[in-house]
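Asks: pasting the sequence and the predicted coordinates here, then a few questions.
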Amino acid sequence: EVQLVESGGGLVQPGGSLRLSCAASGFSFSTYWMFWVRQAPGKGLEWVARIRQDGSEVFYVDSVKGRFTISRDNAKNSMYLQMHSLRAEDTAVYFCARGTTSGASYCDSWGQGILVTVSS
Amino acid sequence: DIQMTQSPSTLSASVGDRISITCRASQSVSKWLAWYQQKPGKAPKLLIHTASILQSGVTSRFSGSGSGTEFTLTISSLQPDDFATYYCQQFHTDSTFGQGTKVEIK
């Protein structure tokens, strides 16, 4: 069974930093693109970033470019999202999601989500 | 950036109804579109990908159609478990989600 478990969320002040982790199990992690998707309170879904199987390609939504960094460690079956210069508008539930073996794609498995709150 | 617009934003329906949700793209996304169901406090669930391919394990009450800029998600006979919010997602160029359609009990 595919499992994705996020951790590392919490309350952070504006301008602060936070690192999210996603632990994957139940599938061959190194063969899939992986995604971060977020959802602000009461709002819709927003794709944040995606990373290629070997980490050689990464893509971001414009609003986080230069502030967020996606990475992965295939030996640990884990993906990360390093977030800097956080803003109130980054407050959201962040989901880790599995893509496909292709590039831009749909997500067929999702974690339960982790809340990030940016507030003073 | 490709914008995705869903209609309606809210749909009131009864158990047994056949309903359709439309998703329009600001430019062609070919067949690269997915549909998700989300319930409050839960992660999204993939229903349909590549416009019309039913995800494994998803009931055949759900079907998808369309290509280019206009797509439709249809639920053939609404069941109590289907009351939720539905999102479309294009993955032709990066990824963009529609704003969501809430299906509520009439």
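Replies: Structure's in. What do you need?

Asks: so for the chain, the centremost residue is which one?
Replies: Went with chain A since none was named. residue A:36 (2.8 Å; C-alpha atoms, centre = their mean).

Asks: my bad, chain B
Replies: Residue closest to the average C-alpha location in chain B (C-alpha atoms, centre = their mean): residue B:35, at 4.0 Å.

Asks: please export the C-alpha coordinates of the host helix or strand of that one as CSV.
Replies: Taking DSSP states H and E as the criterion, residue B:35 maps to strand B:33-38. Extracted in CSV, the C-alpha atoms of strand B:33-38 (Å, rounded to 0.1, in the frame of the first residue of the first chain):
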residue,chain,number,x,y,z
LEU,B,33,-6.6,16.8,-17.5
ALA,B,34,-7.5,15.0,-14.2
TRP,B,35,-10.4,15.2,-11.8
TYR,B,36,-10.2,14.8,-8.0
GLN,B,37,-12.7,14.5,-5.2
GLN,B,38,-12.0,16.1,-1.9
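
Asks: that one and chain A, are they touching?
Replies: Yes: contact of strand B:33-38 with chain A (C-beta under 8 Å from any C-beta of the partner chain) involves B:34, B:36, B:38. Just so you know, the C-beta spots here come from the backbone N, C-alpha and C atoms, and that holds for glycine as well.

Asks: how about the contacts made by the last one?
Replies: Taking C-beta atoms under 8 Å, 6 or more residues apart in numbering or on different chains as the criterion, residue B:38 is in contact with A:45, B:44, B:45, B:84, B:85, B:86, B:87, B:100.

Asks: A helix includes residue A:89, no?
Replies: Yes: assessed with DSSP: H, G, I helix; E, B strand; the rest coil, residue A:89 lies in a helix.

Asks: tell me, how many residues neighbour it?
Replies: Neighbour count of residue A:89, defined by other C-beta atoms under 10 Å in any protein chain shown: 10.

Asks: how close does it sit to residue A:117?
Replies: According to C-beta to C-beta, to the nearest Å, residue A:89 and residue A:117 sit 12 Å apart.

Asks: could you pull out the strands for chain B?
Replies: Along chain B, the stretches classed as strands by DSSP state E are B:4-7, B:10-13, B:19-25, B:33-38, B:45-49, B:53-54, B:62-67, B:70-75, B:85-90, B:96-97, B:101-105.
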